[in-house]
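> predicted model and sequence follow; I will ask about them next.
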Amino acid sequence: MVVNNILEALRDIGFSEYEARAYVSALQLKTATAYEIARDARIPTSKVYGTIERLREKKLVFETSRDGKKKYVPLAGDEFLARARSLSEKRFESLARDLKELPAGGDVSFIWNIDQYDALVEKSGRLVREAKETLLLSLWPEELEAIFDDLAAAERRGVRIALIHFGMRIGRKAGTMYPHPIEDTLYAERGGRGFTLVADSRVAVMGTMFGKGGVEGAWSANRGFVLLAEDYLKHDIYIMKIVNRFDRELIGRFGQNYALLRDVFRDREARKK
């Protein structure tokens with residue numbers, strides 16, 4: 001399992017399948033001939049020499065001679081990681097400088113779909129880390145836990161936070177938090193957990209996490225998309241303030257879970273007057 005994880009990670013950063021296998025085998029064998037690497041890594045002998053040569057060009061294996069045989073010694077894993085990390089940081093810094101020098105085009109109002117949970121959490125966490133002034137959120141315990149440290153750090157640097165939370169009793173606090181009183185009803189109606197985030201009135205992320213692990217969502221800096229998400233969050237907060245102060249009266253007039261209030265197609269309570 002560990003080897004499979006390493007192979008997958010190496011492929012993700014640009015290794016070919018054979019290069020990843022050969023390098024991992026070389027690390028395990030310490031010092032080996034091309035034939036030994038081919039056998040251990042399950043690489044055809046017709047391919048192993050070209051593969052090793054590419055690793056030599058990348059300075060990931062080094063040629064030596066022992067007992068009259070040509071053998072190969074791998075660069076240690078921690079040395080490889082340190083070098084790769086350093087090179088990546090330099091490339092990103094250079095790319096960032098060069099991108100800033102490109103002529104600025106017009107704003108592209110595009111809405112990007114999100115269909116993976118990790119992508120939603122990663123994008124949301126990054127927006128929280130980059131926020132400078134305000135954060136508005138509506139979320140459930142799982143997503144709050146995933147980005148809570150980033151929220152706490154944002155609050156420490158002076159970002160104002162307002163947060164509507166569902167289905168939880170909060171032990172930790174970030175910003176002004178508004179508990180939603182009918183989370184079970186909303187979960188049943190939606191079929192999953194809702195998530196909305198607006199950062200600096202500039203970028204918004206919206207999504208729903210369904211029971212079997214599916215995710216449907218989107219993010220955008222499109223002004224209309226952002227305003228829609230921001231207005232939704234602000235109006236939900238307005239309602240939470242009213243509910244927190246007049247819960248008993250609201251239930252008396254509109255029933256449990258404010259059923260009549262939430263019936264947008266009829267205004268039955270008003271006709272009782």
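Ah, there it is.

> can I take it that residue 135 is in a helix?
No. Counting by DSSP: H, G, I helix; E, B strand; the rest coil, residue 135 is not part of a helix but strand.

> tell me how many other residues surround it.
Residue 135 has 24 neighbours, counted by other C-beta atoms under 10 Å. Any C-beta I mention is one placed from the backbone N, CA and C, and that applies to glycine too.

> please, which helix or strand holds the closest residue in space to it that isn't next to it in sequence?
Nearest non-adjacent residue to residue 135, counting by C-beta to C-beta, 6 or more residues apart in numbering: residue 161, 4.7 Å away. Here residue 161, judged by DSSP states H and E, is contained in strand 160-165.

> now do that strand: distance to the chain's middle.
19 Å (C-alpha atoms, centre = their mean, to the nearest Å).

> which residues does it contact?
133-141, 144, 151, 154-155, 174-180, 233, 236-237, 240 (C-beta atoms under 8 Å, 6 or more residues apart in numbering).

> which helix or strand in this structure has the lowest average pLDDT?
Here the helix or strand of the chain ranked lowest by mean pLDDT, DSSP states H and E is helix 183-190, holding a mean of 58.

> list the buried residues of whatever helix or strand comes next after it.
Note on helix 183-190: by DSSP H and E, the next helix or strand toward the C-terminus is strand 192-199. For strand 192-199, the buried set under the neighbour-count rule, 16 or more other C-beta atoms under 10 Å, comprises 192, 193, 194, 195, 196, 197, 198, 199.

> average model confidence for strand 192-199?
Averaged across strand 192-199, the pLDDT comes to 92.

> strand partners (parallel or antiparallel) of that strand?
strand 134-139 (antiparallel), strand 203-210 (antiparallel) (DSSP bridges).

> which one of those lies nearest to residue 127?
Closest approach to residue 127 among those is made by strand 203-210 (5.7 Å; C-beta to C-beta).

> next helix or strand past the closest one?
Of the helices and strands lying after strand 203-210 in sequence (DSSP H and E), the nearest is strand 215-220.

> what distance do you get for the residue lying farthest from the centre of the chain to residue 93?
Distance to the chain centre peaks in the chain at residue 68, reaching 52.3 Å (criterion: C-alpha atoms, centre = their mean). Here the criterion is C-beta to C-beta, to the nearest Å. By it, residue 68 lies 47 Å from residue 93.

> now residue 198
Residue 198 is 30 Å from residue 93, where distance means C-beta to C-beta.

> now swap in residue 246 and tell me
Residue 246 is 55 Å from residue 93, where distance means C-beta to C-beta.

> cool, and residue 265?
Distance of residue 265 to residue 93, given as C-beta to C-beta: 56 Å.

> which of the two has more neighbours?
With neighbours defined as other C-beta under 10 Å, residue 265 and residue 93 compare such that residue 93 has more, 10 against 4.

> element containing that one, please.
helix 77-101.

> send the alpha carbons of the next helix or strand after that helix over as CSV?
Once the chain leaves helix 77-101, the next helix or strand it forms, by DSSP H and E, is strand 111-114. C-alpha atoms of strand 111-114 as CSV (Å, rounded to 0.1, in the frame of the first residue of the first chain):
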residue,chain,number,x,y,z
ILE,A,111,-18.6,29.6,-13.1
TRP,A,112,-16.4,26.6,-12.3
ASN,A,113,-18.1,23.3,-11.4
ILE,A,114,-17.0,21.3,-8.3
